[in-house]
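Colleague: next come a sequence and a model predicted from it.
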Amino acid sequence: MANFDFLKGIVEYKVFADAAIEAERVFHSSPSMCAIGCRKALELAVKWVYTADSSMIMPYKDNLQSLLHAKSFKEELPESLWRELQPIVKMGNLAVHSDAKILPRTAIISLQALFNFIEWIDYCYGYNYVERTFDENIIPKTIVPVDVKKIKEQESLIAQNAQQIENLYLEIEKLSKQLSSAKSEHVLMRSLPKVPETESETRRYIIDVDLKLMGWNFDGPNKNVFEEFKVSNPYVPGGSNLSVDYVLMGRDGKPLALIEAKKTSRNINDGKTQALAYANALEREYGQRPIIFLSNGYETHMWDDLEWNMRRVSSVYGVSDLERLIVRRKLDKPILSTIPINDDISARYYQKEAIRAVCQNLENKVRRSLLVMATGTGKTRTSVSLVDVLSRSNQVTNVLFLADRIALVSQAKDAFREHLPSASLCNLCEVKMIKMLE
């Protein structure tokens, strides 16, 4: 009996059961297609939760990432379980959108995370729940034919009729009140199997997927990722006893970044001292100080200790982004307080004070500032003027301006065009509309 076979015959889980069973069935035939199947099964299962549970608030967009990050959903899951779901999405995307090879060990991570999530669903809403744990030894070993091209095109292992899927969700919606009520009792009476801490080797596979998604190459003529990279320890004469988890090389053969991988259970900051030693050694050997990334597989922090304080990021950066950061270090960046504010854009005293306050924050390595300004006081002009100051001081190259209404985005673009005529502008709302019309 395979891991997901318990789903057979449970009518309430029909909408995602077949996808999960099939993902496991093709594992030995194609780990890459297994990863695609896991992502699809996860999407169907997450939407099932939103349909079944009246406490879940649907976000404004119903794509998988929006559903996973919605507050009502994220807070409902154990944190360790929620973290496991991101690798499923990343591995599925990598398998669909690239020719990168998904290793069997990597596909196992997706299968196990999917199993843990579905086990949580059964724990919360199932009528005949029993505690189960994933066992990779019972994955079917049968080799089945796999149509890779078709699977990639439909981003799913099995062809699914949209109307049938919709009908299944409608049936679950009718049971929503009953399922939500049962959940309140179940979580008090039942226990959920504890998810074991991710092994060090497994974390490395997750980091590998992140790197591949960002275009890094682990082998071949364009290889630019080096694992367990040896560097000399300056405190040990003639010694070569420092081993960096990952070193990411630039096109000039110099290190752009290093990654220090840590246990999931440890604070991400625990690797700072070690990473600094690696950065010092690499700088000493190559004449270029790399940017530091600290990661436990589920959480990543970036630290350019020559420029900014450490901060959390969504993933390791790609080659071009890291090269730009390295180049920016060498640019002449005058003190922000010495850059004159253009009176033609913002001449009012309080606008200038706001701009200077933000600049002072940036000088003090504080990346976030909040300006609260009343209607009619020139918020957009102040924003344009601030961008002008930061651009002329070589602090920024790209700026994203957000607004909560399309009309305000259009107005802002007009303001930027008027006051910064040399800037290259793009209204992303207009681009999206064009794509929809096409």
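Modeller: Okay, I see it. Numbers count the residues shown, from 1 in each chain.
Colleague: first-to-last residue distance for stretch 121-138?
Modeller: For stretch 121-138, the first-to-last residue distance is 22 Å (Cα to Cα, to the nearest Å).
Colleague: again, but for stretch 133-142
Modeller: Stretch 133-142 end-to-end distance (Cα to Cα) = 22 Å.
Colleague: and it, what's buried?
Modeller: 134, 139-140 (16 or more other Cβ atoms under 10 Å). Heads up, the C-betas are built off the backbone N, CA and C, glycines and all.
Colleague: what lies in contact with that stretch?
Modeller: If you take Cβ atoms under 8 Å, 6 or more residues apart in numbering as the criterion, stretch 133-142 is touched by 1-3, 24-25, 27-28, 108, 111-112, 115-116, 193.
Colleague: show me the contacts for residue 8.
Modeller: If you count contacts by Cβ under 8 Å, 6+ apart, then residue 8 has 17, 21 around it.
Colleague: mind checking how far it is from residue 16?
Modeller: Summarising the geometry, the distance separating residue 8 from residue 16, computed by Cβ to Cβ, to the nearest Å, is 12 Å.
Colleague: which of the contacts of stretch 133-142 scores worst on pLDDT?
Modeller: Model confidence across those bottoms out at residue 193, which has 83.
Colleague: got the end-to-end distance for stretch 397-405?
Modeller: Across stretch 397-405, the straight-line distance between its terminal residues is 25 Å, by Cα to Cα.
Colleague: quick one: contacts of it?
Modeller: Under the criterion Cβ under 8 Å, 6+ apart, external residues in contact with stretch 397-405 comprise 324, 328, 383, 387, 390-391, 409, 412, 416.
Colleague: what is the most widely separated pair among those?
Modeller: For the contacts of stretch 397-405, the farthest-apart pair by Cβ to Cβ is 328 and 409; their separation is 27.7 Å.
Colleague: next, the contact list for the spatially most central residue of the chain, please.
Modeller: What sits nearest the mean C-alpha location of the chain, by Cα atoms, centre = their mean, is residue 314, with 4.5 Å. Listed by Cβ under 8 Å, 6+ apart, the contact set of residue 314 reads residue 300.
Colleague: again with residue 251
Modeller: When contacts are counted by Cβ under 8 Å, 6+ apart, residue 251 is found next to 224, 319, 323.
Colleague: how about residue 65?
Modeller: Residues counted as contacts of residue 65 (Cβ under 8 Å, 6+ apart) are residue 89.
Colleague: so how far is residue 307 from it?
Modeller: 29 Å.
Colleague: the bottom helix or strand of the protein by mean pLDDT?
Modeller: Among the helical and strand segments of the chain, the one scoring lowest on mean pLDDT, DSSP states H and E is helix 428-437, with a mean of 59.
Colleague: and the strands in the stretch 251-400 of the chain?
Modeller: In order along the chain, the stretch 251-400 of the chain carries the following strands (DSSP state E, counting those that start in this stretch): 255-261, 291-295, 300-303, 311-313.
Colleague: partner strands of the third one, with direction?
Modeller: Put plainly, it is strand 300-303. Listed by DSSP bridges, the sheet partners of strand 300-303 and their directions read strand 291-295 (antiparallel), strand 311-313 (antiparallel).
Colleague: distance from the chain centre to that strand, please.
Modeller: What separates the centre of strand 300-303 from the centre of its chain is 13 Å, taken as Cα atoms, centre = their mean, to the nearest Å.
Colleague: I'd like the average pLDDT over that strand.
Modeller: Averaging the model's pLDDT scores along strand 300-303 yields 92.
Colleague: which residues are contacting it?
Modeller: By Cβ under 8 Å, 6+ apart, the residues outside strand 300-303 that reach it are 210, 268, 272, 275, 291-295, 309-317.
Colleague: hmm, try it at 6 Å
Modeller: Counting by Cβ atoms under 6 Å, 6 or more residues apart in numbering, strand 300-303 makes contact with 268, 292-294, 310, 312-313, 315, all of which sit outside it.
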